[in-house]
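Undergrad: Sequence and predicted structure, then a few things I'm wondering about:
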Amino acid sequence: MQDMALALVLIICSFTDWKYRKIYNIVLMPALLFAIGSNLYQGGWPGLGQSLLGMLIGLLILIIPFARGGMGAGDVKLLAFVGALQGPLFVVYSAIGMGLVGGIMALGIWTYRLGFIKTIRGIFEGIWMMLTTRFKQFSFTLTQEKIMVPYGLAIALGTAGAWLWMR
């Protein structure tokens, strides 16, 4: 039942984040209550503790990027839900997968918007500057444009990877 709830919430949130760049509380809040209640029912007080610890770890992983304007509150709450439902170790594995997928997505979007050749040239110029200045200057100023990545999709794919890894 928990795996089905996890898959359903991740699919819905991925879709809305991709299409509308929003992850809705109307999906997340009942899901979060289900996660905590389910763990309390199945594991008693220790289950509740693991659920709350997982939720806290999920929140802490993304709170700094959120505070710096790098992602939305829905992304933070979605990872907190993953932690509340599956526990602390699972949310850490999910975050690792999320970071890998999110980085690949950002690089892909960045490359698409700027063009492949310009992106590669900018990367090599930045690396060359770092090497010639002995890492005193870092310049990867390929664009000042803010790239919006639908991070709900990265969270979902990272969580799917963690689910497969831990099974």
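TA: Thanks, I have it. What you are looking at is a predicted structure, and each value in this text was computed from that prediction instead of being measured.
Undergrad: pLDDT below threshold where in this structure?
TA: Within the chain, the segments meeting pLDDT under 70 span 114, 136-147.
Undergrad: where do the helices sit along it?
TA: Ranges of helices in the chain, per DSSP state H, are 2-20, 25-67, 73-86, 88-114, 116-132, 151-166.
Undergrad: Mean neighbour count, the ones you listed: which tops it?
TA: Stretch with highest mean neighbour count among the helices of the chain: helix 73-86 (a mean of 26; mean count of other CB atoms under 10 Å). For every residue, glycine as well, the C-beta is placed using N, CA and C.
Undergrad: Alpha carbons of it, as PDB, please.
TA: Coordinates of each C-alpha in helix 73-86 appear next as PDB, following Å, rounded to 0.1, in the frame of the first residue of the first chain:
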ATOM      1  CA  ALA A  73       8.400  24.900  -1.400                       C
ATOM      2  CA  GLY A  74       6.500  22.100  -3.100                       C
ATOM      3  CA  ASP A  75       9.800  20.400  -3.900                       C
ATOM      4  CA  VAL A  76      10.800  20.600  -0.200                       C
ATOM      5  CA  LYS A  77       7.500  19.200   0.900                       C
ATOM      6  CA  LEU A  78       7.600  16.400  -1.700                       C
ATOM      7  CA  LEU A  79      11.000  15.200  -0.400                       C
ATOM      8  CA  ALA A  80       9.700  15.500   3.200                       C
ATOM      9  CA  PHE A  81       6.700  13.200   2.100                       C
ATOM     10  CA  VAL A  82       9.200  10.700   0.700                       C
ATOM     11  CA  GLY A  83      11.100  10.700   4.000                       C
ATOM     12  CA  ALA A  84       7.900  10.500   6.100                       C
ATOM     13  CA  LEU A  85       6.600   7.500   4.100                       C
ATOM     14  CA  GLN A  86       9.800   5.500   3.600                       C
END
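Undergrad: tell me the angle that helix makes with helix 151-166.
TA: Per axes from the mean of the first three to the mean of the last three CA atoms, to 10 degrees, the angle that helix 73-86 makes with helix 151-166 is 20 degrees.
Undergrad: so what does helix 73-86 touch, helix or strand wise?
TA: Under the contact definition 3 or more CB pairs under 8 Å, 6 or more residues apart in numbering; DSSP states H and E, helix 73-86 sits against helix 2-20, helix 25-67, helix 88-114, helix 151-166.
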